[in-house]
Each structure stands twice: as structure tokens, then as C-alpha cells.
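> structure here, sequence nowhere to be found:
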């Protein structure tokens, strides 16, 4: 299973929740599979999808899922310590681990060698860490979303590879405003 | 402690209701105040760049976030400021302890002090430079200004202002 197929299989679980999606091809694939206003596409700032979702989950009651990647988590590894110590129960971090920098030509990341993100996450303080293959990811995500007493880190081990899709044709302010409208927070100046 | 209390109360008066810090000795009193404040979220975090991401999420959830850090943290966070906060037009207040300004005891801090304002200018981030107590009452208006312009703003607090607090 590759990322595109995984993102497709997760669609039913993403609809009622707030989604923050990783930069580059992951967001482009998600957009082309099924664009929704509750999907926040992170267009810059590689590494921060987990952090954006964490800040959001600390501010709203809805479930928040950060869809991140192994290369991005390696870039912002301290996020696992902050998630481990501060994540509320409505937060799920889904790390799609294909052991490669998918958006830059599928160069291998350290998870292809000695680095084990599950062990890093546990060592950083994350308590509910699930590592699984792509086909078991939907059921594990469903479990995480249904558990109102715990936050989860799910590491989905899949194959590398991308589907050729175009860049997202909507501008950042539109992405921001329609996302905040879903949360019910566009009239903040009042 | 008086100055730290004043700064926090003006930040809150301006609307800030979500606080992070990458700690600094000069911020210690403010951190102590926030740790005991039940009205707002506060946490220390490991790195400023990560903090910009958390602030972005808090803003999406209708908070007005404030991240407290040394000026060195601006150096750590440049891309996240430009490619996240400014790209999506997200208001965040940077409360910066201006290390390396006169009174500083650690010479190594002088390097970032020399370039801090130029970096903020290059990033087109509005600045409020607080060098004495009389500057502090501008903080609430400046905090609210972040919301009006939907962009980050920076409040710089000099070493000599904070050292005796």
C-alpha cells in the first residue's frame, strides 16, 4: 500500500474531524482524493503539521488528526515530547511512515535504517503508540477516535511512492477561512 | 515581579489567552505567574519553531496566542513565521526577552542582539520596543493590533528593564 491508497481508505474516518495534513504531496493527494473544508492543507513549514494539530486540539473540543510523515517528524522530533506531555484526548497523530522523503524524489529517511519512530515516541512520553501496516491503519484510527480518554500516536508503515497530482489550486487564506468556518470561528473580531 | 505582572496583565487585556514559552531567565517571573493562572493555557515547549506551529493551531481554534522566548528564538523560527503565520495571516504575539542589550552579562548573546531588529524588519513584523516601564502600557493595544492586521507582532523587552524585576 502507498500513501495515496492509504489516504483513500481513511476517508470515512476523516469526515467528522478536523484534519491537519502534511506539506507537499501528502496534502496534494488528499486534496485530489476528496477535498473538504475540514482539511487544513499545510503549504509551507515542513515539520509543523503535528504541532499545528496539537495547538488546535488544545483549543477546541472536536477530534483533531494530524497527518504527518516520517521525514517531517524527523525534522521536528521535539514535537513527540510535547505531544507526549501535553496532548489532550481529542488529539491523534498519524505518522505515515514510508521511510522516504516523498515530495523531494523518494530519498530514504533514517527510518529506513536504524531509527524507530515507535520507540522514539514512547521514549518521548507518548503513552498510546500503535505501529501497524497500511491495511490495519483504518481500524486503529477508528479505535483512537473512539477512545475519549486517551490521545494516540499511530505509525502507519507503508511503501514509498506518489501519485502524480497537481499542486493545490486554492489559496492559503481560503484554506484558513473555510477551515475556521467549520470550527465556527470566523467572527473572531467581535 | 511588578514588571512581569504588568506585562502579563496587558497581554491578557489585549486578548492573549494562550501562552507558550521557551524559557529565559528574564521571563522566569512571567512564567511563574502563568503557571498559576487558571484562566489561560500555558506550557513550556522545547523549541520556538515548534511553538509557531502550536500557536497557528491555537489561532485556528480561536485563541490569540502569545509565545515568549529569547531573541535567539526568532532565528530558530524564521521559516515558520514566513511560511506558516504570515502565509495564512495568523495573529500571534511574540514576547521577546531582548538578550544581549546593555546590562547583559553573557557576551555571546550580543550577536543575535545586533541582528534581531533587522531580522524582524526584514520579515515586516511590527515591533514594540520596551526599554522602560513607561513603554509597558502600549502592550495591550499592540497585542490587539495583531488581530486587526491578522499577522504576528513582536514585543521586545530590554535586558535592563527585566533584570531587576
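Perfect, I can see it now. What you see is a predicted model, and the numbers here were worked out from it, not measured in a lab.

> give me the pLDDT for residue A:190.
pLDDT, residue A:190: 40.

> quick one: secondary structure of the residue nearest the centre of chain A?
The centroid of chain A falls nearest to residue A:67 when counting by C-alpha atoms, centre = their mean (0.9 Å). Applying DSSP: H, G, I helix; E, B strand; the rest coil to residue A:67 yields a three-state assignment of strand.

> what's the neighbour count on residue 97?
Since no chain was named, I'll use chain A. 25 (other C-beta atoms under 10 Å in any protein chain shown). To be clear about C-beta, it is placed using only N, CA and C from the backbone, and glycine gets the same treatment.

> my question was about chain B
When neighbours are counted by other C-beta under 10 Å, residue B:97 registers 26.

> which other helices and strands does whatever helix or strand it lives in contact?
Counting by DSSP states H and E, the element that carries residue B:97 is strand B:93-98. For strand B:93-98, the packing partners by 3 or more C-beta pairs under 8 Å, 6 or more residues apart in numbering or on different chains; DSSP states H and E come out as helix B:2-13, strand B:65-70, helix B:72-80, helix B:110-122, helix B:139-149, strand B:153-158, helix B:159-162.

> what's next to the longest helix anywhere in chain A, contact-wise?
Assignment by DSSP state H gives helix A:172-183 as the longest helix of chain A. Residues outside helix A:172-183 that contact it (C-beta atoms under 8 Å, 6 or more residues apart in numbering or on different chains) are A:18, A:37-41, A:43, A:60, A:62, A:168, A:186, A:188, B:60-62, B:87-90.

> can you show me the helices along chain A?
Counting by DSSP H, the helices of chain A are A:3-9, A:11-14, A:25-34, A:49-57, A:70-75, A:78-86, A:117-124, A:137-146, A:172-183.

> so for the strand holding residue B:97, mean pLDDT?
Mean predicted lDDT for strand B:93-98 stands at 98.

> what does stretch A:154-166 give?
The pLDDT scores in stretch A:154-166 average 96.

> hmm, who's touching that stretch?
Here stretch A:154-166 makes contact (C-beta under 8 Å, 6+ apart) with A:1-4, A:6, A:25, A:28-29, A:31-32, A:92-100, A:102-103, A:106, A:117-118, A:121, A:129-134, A:137, A:140-141, A:144.

> list the buried residues of that stretch.
A:154-158, A:160, A:162 (16 or more other C-beta atoms under 10 Å in any protein chain shown).

> among the residues you listed, which lie within strands?
Counted as lying in strands by DSSP state E, out of the buried residues of stretch A:154-166, are A:154-157.

> returning to what we had before: which one of the helices and strands packed on strand B:93-98 lies nearest to chain A?
In terms of C-beta to the nearest C-beta, the element of the helices and strands packed on strand B:93-98 nearest to chain A is helix B:72-80, at 4.9 Å.
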